[in-house]
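Colleague: Just the structure for this:
(chains A and B)
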Amino acid sequence: DGGITQSPKYLFRKEGQNVTLSCEQNLNHDAMYWYRQDPGQGLRLIYYSQIVNDFQKGDIAEGYSVSREKKESFPLTVTSAQKNPTAFYLCASSIGWNYGYTFGSGTRLTVV
Amino acid sequence: GESVGLHLPTLSVQEGDNSIINCAYSNSASDYFIWYKQESGKGPQFIIDIRSNMDKRQGQRVTVLLNKTVKHLSLQIAATQPGDSAVYFCAEKGMTTDSWGKLQFGAGTQVVVTP
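Modeller: Have a look, this model is predicted:
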């Protein structure tokens, strides 16, 4: 079945550490996105990529980095510069600019 | 900076009744709208979409209504079931080059179905 897979489901980070969240899709979608969701709030865009080897900052990119070396993969690194990283992170993909998104099941990141 | 957490608007519905969830969108240039359902701890799931050349679209037990004059979107769920309990988000997609392909999400409405 085609879909979008995020891993791990739960992730714990110590202060000062970088962590990388995985996002893989086999839908052959060109565009991929990373969102952050905090309790009781909507989704905020971190980074997005329209095509391989290209990506743009979203509304809250500070403290995060991404890469898009393959069409199927769009990993997100939460760096130590992100002051409040505890959140639910959602990856999504889209076949094109005028279509909706397919979401992954999310990664819950907690700072310990 | 980070926002303080907010309580979502909540809609309480009795099982079997119809639900109506409302959403006001901000961009008059938006031409594509989607409703998503998100259950606790899961990613959002697509429910139904509508383009700006339509004012109504129906799916299985769901209907989306679009009023471009007042920039209002609604989702109607017929015969609400316990499995419909979730947070519902509306999303809009703009047509400006700056907003290429990016969905803008509303804050969401918590739907609670009571027996």
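Colleague: For the residue nearest to A:K14 when sequence neighbours are not counted, list the residues it contacts.
Modeller: Residue nearest to A:K14 in three dimensions, not counting chain neighbours: A:V112, with 6.1 Å by C-beta to C-beta, 6 or more residues apart in numbering or on different chains. For every residue, glycine as well, the C-beta is placed using N, CA and C. By C-beta atoms under 8 Å, 6 or more residues apart in numbering or on different chains, the contact list for A:V112 reads A:12-14.
Colleague: Okay, and which of those residues map to strands?
Modeller: With strands taken from DSSP state E, the overlap with those comprises A:12-13.
Colleague: And the pLDDT at residue 9?
Modeller: Chain wasn't specified; assuming chain A. A:K9 carries a pLDDT value of 96.
Colleague: Let me rephrase: I mean chain B.
Modeller: Note on B:P9: pLDDT of 90.
Colleague: surely it meets B:V112?
Modeller: No: the pair B:P9 / B:V112 is not scored as a contact, 11.3 Å apart, by C-beta atoms under 8 Å.
Colleague: Now do the same contact list for A:G2.
Modeller: Applying C-beta under 8 Å, 6+ apart, the residues contacting A:G2 are A:25-28.
Colleague: The same query, at a cut-off of 6 Å, please.
Modeller: Listed by C-beta atoms under 6 Å, 6 or more residues apart in numbering or on different chains, the contact set of A:G2 reads A:26-27.
Colleague: what is the most centrally placed residue in chain A paired to in the beta sheet?
Modeller: What sits nearest the mean C-alpha location of chain A, by C-alpha atoms, centre = their mean, is A:W34, with 3.1 Å. Note on A:W34: beta-bridge partners by DSSP bridges are A:Y47, A:C91.
Colleague: Mind picking out the helix or strand in chain B with the poorest mean pLDDT?
Modeller: Here the helix or strand of chain B ranked lowest by mean pLDDT, DSSP states H and E is strand B:103-105, holding a mean of 87.
Colleague: quick one: strands adjacent to the next helix or strand after it?
Modeller: Reading on from strand B:103-105 to the C-terminus, the next helix or strand found by DSSP states H and E is strand B:109-114. Strand B:109-114 has its sheet partners listed here by DSSP bridges as strand B:10-14 (parallel), strand B:86-93 (antiparallel).
Colleague: and for the shortest one, what are the contacting residues?
Modeller: Applying C-beta under 6 Å, 6+ apart, the external contacts of strand B:10-14 come out as B:19, B:80, B:109-114.
Colleague: and it, which residues are buried?
Modeller: B:11, B:13 (16 or more other C-beta atoms under 10 Å in any protein chain shown).
Colleague: what comes up buried for stretch A:71-80?
Modeller: Buried residues in stretch A:71-80 (16+ other C-beta under 10 Å): A:71-72, A:74-76, A:78.
Colleague: Ok, stretch B:103-112 next?
Modeller: B:103-106, B:108-111.
Colleague: contact partners of that stretch?
Modeller: A:42-43, B:8-12, B:21, B:23, B:85, B:87-93.
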